[in-house]
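Enquirer: Fold the following and give me the result.
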Amino acid sequence: MSDEPQFEKVFDLSDSRRSLRAEEEPLDTGTTSSQPRRQPDGLFSAAGHAKSGNELGRVQQGQDSRLARLKRRWNSWGQRWRSSTWYITSVVTLGVATDALAYTVVVPVLPYRLQALGYSNISALTSWLLFAYSIGIFIMTFPVAWYFARKPYRRGPLVVGVCVLEGGLLLFMLCRPYWVMVVSRFLQGAASTVVWTVGFALICENVEEKNMGRQIGFAVAGVSIGTTIAPPIGGALYWHLGWHAPFIFTIIICAVDLLLRLLVIEQKELPPIETPHQLQADREKTPTPATEAGQGLETSCPPDASASVKELSPWGVLVALAKSPRGMNGFIATFIYGLAIGALDPTLTLRIEQIWHKNSDFVGLVYLAASAPSFITGPIIGALADKYGAEWIMFPSFVFAAPWIPLMLLKFSLPAFVVFFALCVTASSCALGPVGLEVALAARQVEGMSEIHQFAAMNLAFSISTSVGAVAGGQLYNVSWQAVCWFTFGAMVLSLPFPFFLAGNRPLSRRIFRQKDTTEGANEVS
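Expert: Okay, here's the model as predicted:
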């Protein structure tokens, strides 16, 4: 009697295994019937379809889990150096350099290209192409800032931006109609908006405040890198290999930039142990349940405080910027720099060709000599601004930059002309260096404003000024080179009061006048 129940259990188990095998066996391909095999429990297609759906769900879940494992494995590879301050700064610096390269590589060769295509009024057409680039920045700045200020991650927009830049370069390389050139330059300007807003916001969100000026100085030095290597390389490649060569070179640089952007890991994506300066900041604050559970690491405010912050509209950002002295100073400094660059870019090549009869090769070397010192001064200026304040950098730099512009009217010596141009560009770059620190610190003092809003405003100032400068420079050059130089000099002089009264936490005007009042009071007491 004791063996019979055991035998029945074994028999039932074997029947169940046979039933499972029957369910797993495929249909016989030799049969003509399209009905599924009859199941032991008497059910037909309903059970088969339900089981197929469950199997598909399990397969999909398995694929999702594999993708999740691959993503975790990808993010864990090189996690420390991919999320480090210096790697993120290097990626943004290369992005800025690539953007400057794409903008500047055509400057010394574009007049020759338009002449080869049979166009006339070359200076005006060149200025309108540069204007199209600036309009792309102007139109896309507000949408980019408004949308990505609500998004926590920055890597995706940077990847899309460099892809759009490559598409614009390819279109500009292959097109011949002038209107297509304008469209391609517009696309390049739209791509530039991303790196100048999202890229600099990426630095501010992943760098300690005490080192922010230094890191932004390195990133701004990318402008000097791009403007230094682009003209000589563009001129030489165009002169020896033809029109396509400068753009192929730039597209290759963009491909390297794309790869490095894909490798970025933002510190908000890391486990808490991988973000030391965020943990240090958390220790200094009263812990909340969200932070103790490992949540809420994307903001430095408690949940209740962050929820009460009123988000500003794009126009509200401009109004708040106008009320912030440091933000307004950064806006105006960027505007003046862009105005000077915009006026000189479409006309300098024509001036050198007209007076000294030099080709694009030599024009590229002139830009190299003018921009190379800025690559060295950028990080130094950023570190000095961190230590002493932007007020000690911006005003003296603008004062030093202005006198060299009228000296560029002289025709007696080409080397002297190059030296005057180099001194003007270097001093202007030094004045622009602390602007990133100014706008970042101004953003943290205004409720509802983030770094991406401030950098968008700075980008907006640059786009407006370069577009106005390019059109004005092209039209004024038809009058005379003297008109271009005096226009640029006048803009530089009119900008001097702003860094004197607004730059830094304690502007120079406040330091000087307060020290004078203190000295007079001490004399009266004595």
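
Enquirer: so how far is residue 418 from residue 367?
Expert: In this view, residue 367 and residue 418 are 10 Å apart by CB to CB, to the nearest Å. Using the backbone N, CA and C atoms, a C-beta is placed for each residue, glycine as well.

Enquirer: Equivalent analysis for residue 169, please.
Expert: 29 Å.

Enquirer: Equivalent analysis for residue 337, please.
Expert: Distance from residue 337 to residue 418, by CB to CB: 20 Å.

Enquirer: Could you do residue 339 as well?
Expert: For residue 339, the distance to residue 418 - CB to CB - is 22 Å.

Enquirer: which one of the two has more residues nearby?
Expert: residue 339 (26 against 19; other CB atoms under 10 Å).

Enquirer: Quick check: pLDDT value at the more buried one.
Expert: Looking at residue 339, its pLDDT reads 89.

Enquirer: and if you look at residue 500?
Expert: 91.

Enquirer: Nearest residue to the middle of the protein?
Expert: With distances taken as CA atoms, centre = their mean, the residue of the chain nearest its centroid is residue 195 (1.4 Å).

Enquirer: Spell out which residues sit in contact with that one, please.
Expert: 92, 95-96, 98-99, 158, 161-162 (CB atoms under 8 Å, 6 or more residues apart in numbering).

Enquirer: How many residues are close by residue 441?
Expert: 22.

Enquirer: helix or strand right after the helix or strand hosting it?
Expert: Element membership for residue 441 (DSSP states H and E) is helix 435-443. Next helix or strand after helix 435-443 toward the C-terminus (DSSP H and E): helix 451-479.

Enquirer: Show me what counts as buried in that next one.
Expert: 451-474, 476-477 (16 or more other CB atoms under 10 Å).

Enquirer: what helices or strands is the helix or strand just after it leaning on?
Expert: Next along the chain after helix 451-479, taking DSSP H and E as the criterion, comes helix 481-494. Judged by 3 or more CB pairs under 8 Å, 6 or more residues apart in numbering; DSSP states H and E, the packing partners of helix 481-494 are helix 325-356, helix 404-407, helix 451-479.

Enquirer: What lies in contact with the shortest one?
Expert: When you say that, I think you mean helix 404-407. Contacts to helix 404-407, defined as CB under 8 Å, 6+ apart, come from residues 340, 416, 420-421, 423-424, 427, 485-486, 488-489, 492.

Enquirer: got any ranges where the stretch 201-350 of the chain has weak pLDDT?
Expert: Confidence mapping of the stretch 201-350 of the chain against pLDDT under 70 gives the ranges 269-315, 317.

Enquirer: possible to save the helices and strands packed on helix 481-494 as JSON lines with distance to residue 123?
Expert: Shown next, in JSON lines, are the helices and strands packed on helix 481-494 (distance: least, CB to CB, whole Å):
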{"stretch": "helix 325-356", "distance to residue 123": "6"}
{"stretch": "helix 404-407", "distance to residue 123": "19"}
{"stretch": "helix 451-479", "distance to residue 123": "5"}
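
Enquirer: how about those helices, which one is nearest residue 511?
Expert: Residue 511 sits nearest to helix 325-356 of all the helices and strands packed on helix 481-494, at 14.2 Å, using CB to CB.

Enquirer: now the helix holding residue 441: how far from the chain's centre is it?
Expert: How far helix 435-443 lies from its chain's middle: 15 Å, per CA atoms, centre = their mean, to the nearest Å.

Enquirer: Buried residues in it, which are they?
Expert: Neighbour-count burial for helix 435-443 [16+ other CB under 10 Å]: 435-443.

Enquirer: Just give me the closest of those to residue 386.
Expert: For those, with residue 386 as the reference and CB to CB as the criterion, the closest is residue 437, at 7.1 Å.

Enquirer: could you list every residue that touches that closest one?
Expert: Residue 437 neighbours (CB under 8 Å, 6+ apart): 212-213, 216-217, 382, 385-386, 390.

Enquirer: same deal with residue 122?
Expert: 111, 114-115, 350.

Enquirer: Need the buried ones from those residues selected in PyMOL.
Expert: Selecting the buried subset of the contacts of residue 122 in PyMOL, with 16+ other CB under 10 Å as the burial test, is done by:
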select buried, resi 111+114+350
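
Enquirer: Identify those among the contacts of residue 122 that sit within helices.
Expert: Under the assignment DSSP state H, those contribute 111, 114-115, 350 to helices.

Enquirer: between these, which is closest to residue 181?
Expert: Among these, and counting by CB to CB, the member closest to residue 181 is residue 114, at 9.0 Å.

Enquirer: My guess is that closest one contacts residue 125. True?
Expert: Yes - in this structure, residue 114 is within contact of residue 125 by CB atoms under 8 Å, at 5.6 Å.

Enquirer: Can you give me the neighbour number for residue 380?
Expert: Neighbour tally, residue 380, other CB under 10 Å: 15.

Enquirer: Residue 97 versus that one, what's the distance?
Expert: Taking CB to CB, one finds residue 380 at 18 Å from residue 97.

Enquirer: go on, residue 350?
Expert: Taking CB to CB, one finds residue 350 at 26 Å from residue 97.

Enquirer: next one: residue 366
Expert: 19 Å.

Enquirer: neighbour-wise, which of the two wins?
Expert: residue 97 (25 against 22).

Enquirer: Helix or strand for that one, just tell me which one.
Expert: Here residue 97 is assigned to helix 85-104, by DSSP H and E.

Enquirer: Just the C-alphas of that helix, formatted as PDB.
Expert: The C-alpha coordinates for helix 85-104 follow below in PDB (Å, rounded to 0.1, in the frame of the first residue of the first chain):
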ATOM      1  CA  THR A  85      36.200  67.600 -14.200                       C
ATOM      2  CA  TRP A  86      39.100  67.700 -16.600                       C
ATOM      3  CA  TYR A  87      37.600  65.300 -19.100                       C
ATOM      4  CA  ILE A  88      34.300  67.200 -19.200                       C
ATOM      5  CA  THR A  89      36.200  70.500 -19.500                       C
ATOM      6  CA  SER A  90      38.300  69.000 -22.300                       C
ATOM      7  CA  VAL A  91      35.200  67.800 -24.200                       C
ATOM      8  CA  VAL A  92      33.600  71.300 -24.000                       C
ATOM      9  CA  THR A  93      36.900  72.900 -24.900                       C
ATOM     10  CA  LEU A  94      37.100  70.700 -28.000                       C
ATOM     11  CA  GLY A  95      33.500  71.400 -28.800                       C
ATOM     12  CA  VAL A  96      34.100  75.200 -28.600                       C
ATOM     13  CA  ALA A  97      37.200  74.800 -30.700                       C
ATOM     14  CA  THR A  98      35.300  72.700 -33.300                       C
ATOM     15  CA  ASP A  99      32.600  75.300 -33.500                       C
ATOM     16  CA  ALA A 100      35.200  78.100 -33.900                       C
ATOM     17  CA  LEU A 101      37.000  76.000 -36.500                       C
ATOM     18  CA  ALA A 102      33.800  75.500 -38.500                       C
ATOM     19  CA  TYR A 103      33.100  79.200 -38.400                       C
ATOM     20  CA  THR A 104      36.600  80.500 -39.200                       C
END
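
Enquirer: That helix vs helix 451-479, what angle?
Expert: Interaxial angle, helix 85-104 versus helix 451-479 (axes from the mean of the first three to the mean of the last three CA atoms, to 10 degrees): 30 degrees.

Enquirer: if I pick the closest residue in space to residue 358 that isn't next to it in sequence, what's in contact with it?
Expert: Among residues not flanking residue 358 along the chain, residue 352 sits closest, at 5.1 Å (CB to CB, 6 or more residues apart in numbering). Taking CB under 8 Å, 6+ apart, we find residue 352 in contact with 358, 362-363, 366, 414, 417.
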